[in-house]
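1. From the sequence below, what's the structure:
(2 chains)
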Amino acid sequence: MSEAAVSAGLGLWPAVSTLLRLRLQTLLRGFRRSTPRRKFGTILLGVVLIVFLGGLFTLSWMSLGWIRSPEFAVITGDIGAFLDSLPSLVLGGAFLGILFTSFGVLLQALYLAGDMDFLLSAPIPHRAVFVSKLLQAILPNLGLIGLVGLPLLFGIGAAGGYSPLYYPMVIVVMLALALAAAGLASMLVMLTVRVFPAKRVAEVLGLLGAVASIVCSQSGQLADFDQLSAAQTSRALQLAIHLDASWSPLSWAGRGLMRLGEGHWLEADGLLTLVLGLSAAAFAATLAAGERLYYSGWARMQAGGKKKAAARPATWGNRVRGIPPAIQGLVLKDLRTLRRDLRNMSQLVTPLILGIIYAIMLVRSGGAPDPGRGEAPGWAMEAMRTALSYGGMGIALFIGWSLLGRLAGMGFSQEGRSYWLIKSAPLRPADLLAAKFLVAFLPAAALGWGFLLILSVLQRSGIGTTAFEMAVVALCLAGATGINIAFGVLGAKMDWEDPRQMIRGGVGLLSAIVSLIYLPLSLALFLGPGFLTAFLSLPAWVGSAAGLVLGGAASLACAIAPPRWVRHRVPGLGEA
Amino acid sequence: MPELNAWDCLGGHPVDSASPLLETQHLVKRYGDKLAVDDVNLRVNPGEIFGFLGPNGAGKTTTIRMIVGLLKPSGGSVHVAGYDVQAQPIQAKATTGFVPDEPNLYPKLTGRELLQFVGDLYGLERAQVARRGEELLRMFDLAGASDDTIDTYSHGMRQKTALAAALVHDPRVLLLDEPTVGLDPRSARLIKDILRQMAERGAAIFLSTHILEIAEHMCDRIGIIDHGRLIALGTIAELRGQGRTEASLEDIFLSLTGGAEYAAIAEVLG
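-> Okay, the predicted model is just below:
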C-alpha cells in the first residue's frame, strides 16, 4: 500500500464495511472449515428456523383472525383495545429484549474482546469502530428477536388486512428501535464499567441470566392454570393494555404502524417520523458520547477513589489426619475457586431453584396420588402412594445429581491452562481422581441431604425412613460421581477459552445418558426389596436392609470402578 | 535490594558435581511426521546455570515440558536428580521447580493461597509453607497483594507469583521458560540474583531465554537448539572456540541458527 493511501485512511462507511466484512469472512471461514456434521447441523437449523417463521406467521394470522371474529367476541367480550395494543407490545418487547441482550454482547465487544486498542489505533475513524461494534452486537439479537417479532407483526397485518406499505415499515421501525436500544445499551455498559470491573459484571450477568431463565422456565410449574378465572384473564389483558402507554415512543411506533396499515396516512406519517427521528437521534447521541468517553479514557477508568478493602488473610486451615495433603489441597483449592467464580454459582443455583419448585409441588400435593377417574386397581394406587412417599428422596437425588454432573464432569477440564501446576507436581493419578471425586461428591451430597432433611421435617417422616433415604442418596450420588468423573477424564479439554467448550460434546452426552440409566437402576436395587417384602408381608426393615446391601454394593462399584478404568489416562491429560 | 532471608533459613543442597542433576538422553518428540525435538542429549550439573537458546519454534519449550513431565517423550529419557521422569515421576517431580513461559495461574486464588496449595501438592508442612510463603511474597514485593485474587495481578506479578510457587518446596532442579519476559528491571535483577544464589547452593538451573545478554552473563554453559536438534553445547569460551572468531553470543547464535541474513534484510528495510 502506498504512503498516500495509508495516510488518507478509510472513510467512515468504507471502514464500517471493511470491519463488518472481516467479521463475515471469519464466520464464513468458520463454517467452511467446520466438520460435515456441523455443516449439516447448521443448514438443518436454518431450515428449521424458516419453517418456524412460517409456522408462527400462520399461527399469528389465523389466531388473530379468529379472535377478531364476531363469534369469538360473543365469548370474550370486547377485546379490541387489547388487540390494538398488540403491535406496541411486540415492539416494546423487542426493544427491551435488544436493550438487555445487547448489554452483555457489548460488554464483551467493548471491554473483554481485547481488540479495541488495536482497532482504535488503526487509521480508521473511531466512529467506524463503534458503529461496527454496535452493529455486530445487535445483529444476532435482532435476528433472534425478529424471528419471533416479525411473524407476529406480519400476522397482525395479515389478520387486519393492512396495506402493503405496513410490512416494509415494520422492518424499518424494528431496525431503528434496535439501533436506539443498542446505543442505549452501550451507554449503560460504559456507566456500569465505570463503577464495577468488566469481568465481574460479566460474571454477575451470567448468574442473573441463569437464574432468570431457570425461574422463567420453571415458574409455570407452580402456576395453576386449571383454576384461572375470567376475572384474572381480564386483569391480565388490562395490564397489557396499560403497558401501551400513550406517552411512550414505543407506543407511538406501534400505533404509527397500525395507522399506516389502516390507511390513516397523516397520523401514521407523524408518529413514524417522530419514532424514526428519535431513534436516529438516540443512536447518534450515544455513538458520539461513547466515542468521546472512550477516547478521553473516561469509559475505561473506574470511578470511586475508595480502595477495595483488603481481603481477610486466607488460611488453609488444619489438615485432616489420614488424608494425603495433596488431596486436601486440591479439594480446598477447587471449592474456593468454584465458590468465587459466579459462573459456577449459576450452575449451583439451577438445581437449587429446581429443588425448591419441586419441593413446593410435592408438599402441596400432600404426598397423595391423583385419584384420576377412580379406575386404577387398589394395588396400583398403593404402589403409587409408596412411590410418592419416596418423592422427597427423588428430589434430593435429582438436585444432587444436577450439581455433581457439572462438578464431576468438568472437574478436570476446569483446571484449564492452569493444569501445568498440578501436572508438574509430584501427584499420583489416584490422588488426583480422589480429590476430584470429593470435590464433586461432597457439595452434591450436602445439598441432597439438606433438601431431604427439610422435606422430611415438612412431611413428618420417621427417623428410620429419613436415615434410610439419606444413605440411599449418598450412595447413589457416589456411584453417579464415579461415572461422571470417568467421563470427565475421557472428555477433558484443557485449552478452552470459553467455559462452554470445557468438555467434548459427545462425551458429555454419553455421560448424561449413562447416568440416567444408572440412577433408576440403582434406585430399583435400593427400593425393590422394600416393595417385595411389603408384598410378602415381611418386616419393612428386612427390605430396607436388603436394599441397602444390594444398591449399596452396586453404587460403590460404580463409584470405584469407572475412575479406576480411566486412571491410566490421567498422566496424559493436557497433552496435545 | 530485598533481603533474601528465605534462602538463609532453608540452607542449600550438598553439591555433588560427579552426577548430573538433570540429564536427557536421545530425547525425541514427534508430532505425526514433524520432529519437534530430535535426539537431544544434555546434562546439567549441581551448581550450574544452563542456558537454553534457540529461535522461535526451535523446540525449547517442548524440551522443557518433557523434562518437567508435562509432555510424554516419543523417545529417549529424562533423569532428574537420578530419577527417570517417566518411570519415577513422583520422585522426579518432587525435586523439580518449574516456571512456564505463560504464567497461567488459578485466577480466583489469592497469591498466598496459591503458595499454600502448591505446598500441599508437595506435601510440605503447612506452618513451613506459611513461613516460607511469607518470605517469598516479601522478597518478590507481592506481600501487599498477597490477599488479592490473581486475576487482579499484572503479567509481571503473575510471573513473580509463578516463580514464588516454583520455589516454595526448595527444588534441587529449577527450570524456567523465559523467566524475565514482562518483568521490570528490578524484578529481573532479583530473579537473576536468586538463580545465582540457588546455583551457589548446589541447585541445577535450566533456563530458556531469548535475551542473549542474560545467557552470556549468567549461564555457565549454553545449549543452542534449532529445528529440534541441539546444534551447539558448551561454555561461552567453548562456543567461541568452535572454529569461528565471533566476539559475542549474539554473533555465535545468529551464525549457528542462520539468522545473520536477517541483519541484511533489516538494513534494506531501514
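
2. elements contacting the one helix or strand A:L278 maps to?
-> Counting by DSSP states H and E, the element that carries A:L278 is helix A:265-296. On a contact count with 3 or more C-beta pairs under 8 Å, 6 or more residues apart in numbering or on different chains; DSSP states H and E, helix A:265-296 meets helix A:116-120, helix A:126-160, helix A:166-195, helix A:249-262. For the C-beta atoms, the positions are set from N, CA and C on the backbone; glycine is no exception.

3. want to throw the ones you listed into JSON lines with distance to chain B and mean pLDDT?
-> As requested, the helices and strands packed on helix A:265-296 are exported to JSON lines (distance: least, C-beta to the nearest C-beta, whole Å; pLDDT from 0 to 100):
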{"stretch": "helix A:116-120", "distance to chain B": "15", "mean pLDDT": "78"}
{"stretch": "helix A:126-160", "distance to chain B": "24", "mean pLDDT": "79"}
{"stretch": "helix A:166-195", "distance to chain B": "15", "mean pLDDT": "86"}
{"stretch": "helix A:249-262", "distance to chain B": "40", "mean pLDDT": "84"}
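
4. closest to B:I236 out of those helices?
-> Checking the helices and strands packed on helix A:265-296 against B:I236 by C-beta to C-beta gives helix A:116-120 as the closest, at 40.1 Å.

5. Return the set of buried residues in that closest one.
-> Across helix A:116-120, burial judged by 16 or more other C-beta atoms under 10 Å in any protein chain shown covers A:116, A:119.

6. Can I get that helix in PDB, CA atoms only?
-> Backbone C-alpha positions of helix A:116-120 (Å, rounded to 0.1, in the frame of the first residue of the first chain) are rendered in PDB as follows:
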ATOM      1  CA  MET A 116     -10.400  -2.300  20.900                       C
ATOM      2  CA  ASP A 117      -6.900  -0.900  21.300                       C
ATOM      3  CA  PHE A 118      -5.800  -2.500  18.000                       C
ATOM      4  CA  LEU A 119      -8.900  -1.100  16.200                       C
ATOM      5  CA  LEU A 120      -8.700   2.400  17.700                       C
END
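
7. just how off-centre is that helix within its chain?
-> 31 Å (C-alpha atoms, centre = their mean, to the nearest Å).

8. Tell me which residue in the stretch 451-576 of chain A sits closest to chain B.
-> Nearest residue of the stretch 451-576 of chain A to chain B (C-beta to the nearest C-beta) works out as A:E575 at 5.6 Å.

9. before we move on, what SS does that residue have?
-> Classification of A:E575 by DSSP: H, G, I helix; E, B strand; the rest coil places it in coil.

10. ok, for A:L250, nearest residue in space, not its chain neighbours?
-> Closest residue to A:L250 apart from its sequence neighbours, by C-beta to C-beta, 6 or more residues apart in numbering or on different chains: A:G92 at 4.3 Å.

11. Show me what stretch A:511-520 is in contact with.
-> With C-beta atoms under 8 Å, 6 or more residues apart in numbering or on different chains as the test, stretch A:511-520 has contacts from A:397, A:401, A:405, A:409, A:476, A:479-480, A:483-484, A:487-488, A:491, A:558.

12. Format these as CSV; extra columns: neighbour count, secondary structure and pLDDT.
-> Shown next, in CSV, are the contacts of stretch A:511-520 (neighbours: other C-beta atoms under 10 Å in any protein chain shown; DSSP: H, G, I helix; E, B strand; the rest coil; pLDDT from 0 to 100):
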residue, neighbour count, secondary structure, pLDDT
A:L397, 25, helix, 89
A:W401, 24, helix, 89
A:G405, 24, helix, 84
A:G409, 28, helix, 87
A:C476, 29, helix, 95
A:G479, 25, helix, 96
A:A480, 29, helix, 95
A:I483, 24, helix, 95
A:N484, 32, helix, 94
A:F487, 25, helix, 93
A:G488, 29, helix, 92
A:G491, 21, coil, 87
A:C558, 24, helix, 95
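
13. rewinding a little: return the most buried member of the helices and strands packed on helix A:265-296.
-> helix A:249-262 (a mean of 23; mean count of other C-beta atoms under 10 Å in any protein chain shown).

14. Enumerate the residues of the stretch 151-270 of chain B near chain A.
-> Within the stretch 151-270 of chain B, the residues that sit near chain A (C-beta under 8 Å from any C-beta of the partner chain) are B:151, B:165.

15. residue ranges of the strands in the stretch 151-270 of chain B, please?
-> B:173-177, B:204-208, B:221-226, B:229-234 (DSSP state E, counting those that start in this stretch).

16. remind me which residues of chain B are low pLDDT?
-> B:1-18, B:242-247, B:259-270 (pLDDT under 70).

17. Point me to the residue of it nearest chain A.
-> In chain B, the residue that lies nearest chain A is B:D120 (2.5 Å; C-beta to the nearest C-beta).

18. what's the helix or strand for A:V320?
-> If you go by DSSP H and E, A:V320 is not part of any helix or strand.

19. which residue packs closest to it, ignoring adjacent ones?
-> Nearest non-adjacent residue to A:V320 (C-beta to C-beta, 6+ apart): A:Q328, at 6.3 Å.

20. Could you look up the SS state of that neighbour?
-> Secondary structure state of A:Q328, per three-state DSSP, is helix.

21. what do you get for B:Q25?
-> Following three-state DSSP, we place B:Q25 in the strand state.

22. partners of B:V28 in the sheet?
-> B:V28 forms beta bridges with B:G75, as assigned by DSSP bridges.

23. sorry, back to before: what angle separates the helix or strand harbouring the residue nearest to A:L250 from helix A:249-262?
-> Element membership for A:G92 (DSSP H and E) is helix A:80-107. If you take axes from the mean of the first three to the mean of the last three C-alpha atoms, to 10 degrees, helix A:80-107 sits at 130 degrees to helix A:249-262.

24. separation between the nearest residue to A:F103 once chain neighbours are set aside and A:R194?
-> Once flanking residues are discounted, A:F103 sits nearest to A:A185: 4.7 Å by C-beta to C-beta, 6+ apart. Distance of A:A185 to A:R194, given as C-beta to C-beta, to the nearest Å: 15 Å.

25. The helix holding A:G92 - contacts with which helices or strands?
-> Where contact means 3+ C-beta pairs under 8 Å, 6+ apart, helix A:80-107 is packed against helix A:36-67, helix A:126-160, helix A:166-195, helix A:198-222, helix A:230-243, helix A:249-262.

26. Show the average pLDDT along the fifth one.
-> Put plainly, it is helix A:230-243. Helix A:230-243 carries an average pLDDT of 67.

27. Repeat that for stretch A:536-552.
-> Stretch A:536-552 shows a mean pLDDT of 87.

28. And for stretch A:99-106?
-> For stretch A:99-106, the mean pLDDT works out to 84.

29. can I see the domain layout of chain A?
-> Segmentation of chain A into domains, based on automatic domain parsing, reads A:16-222+A:235-300, A:325-572.

30. Serialize those domains to JSON lines and add fields for distance to B:D84.
-> Shown next, in JSON lines, are the domains of chain A (distance: least, C-beta to C-beta, whole Å):
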{"stretch": "domain A:16-222+A:235-300", "distance to B:D84": "40"}
{"stretch": "domain A:325-572", "distance to B:D84": "14"}
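
31. The strands of the stretch 151-270 of chain B into a markdown table, with extra columns for mean neighbour count?
-> Below are the strands of the stretch 151-270 of chain B laid out as a markdown table (neighbours: other C-beta atoms under 10 Å in any protein chain shown):
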| stretch | mean neighbour count |
| --- | --- |
| strand B:173-177 | 25 |
| strand B:204-208 | 26 |
| strand B:221-226 | 22 |
| strand B:229-234 | 17 |
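
32. And the ones you listed: which comes nearest B:N41?
-> Closest to B:N41 of the strands of the stretch 151-270 of chain B is strand B:229-234 (C-beta to C-beta; 6.9 Å).

33. Who are the contact partners of B:P107?
-> Contact partners of B:P107, counting by C-beta under 8 Å, 6+ apart, are A:337, B:149-151.

34. mind running it again at 7 Å?
-> B:P107 sits next to B:149-151 when contact means C-beta atoms under 7 Å, 6 or more residues apart in numbering or on different chains.

35. Nothing else from me, thank you.
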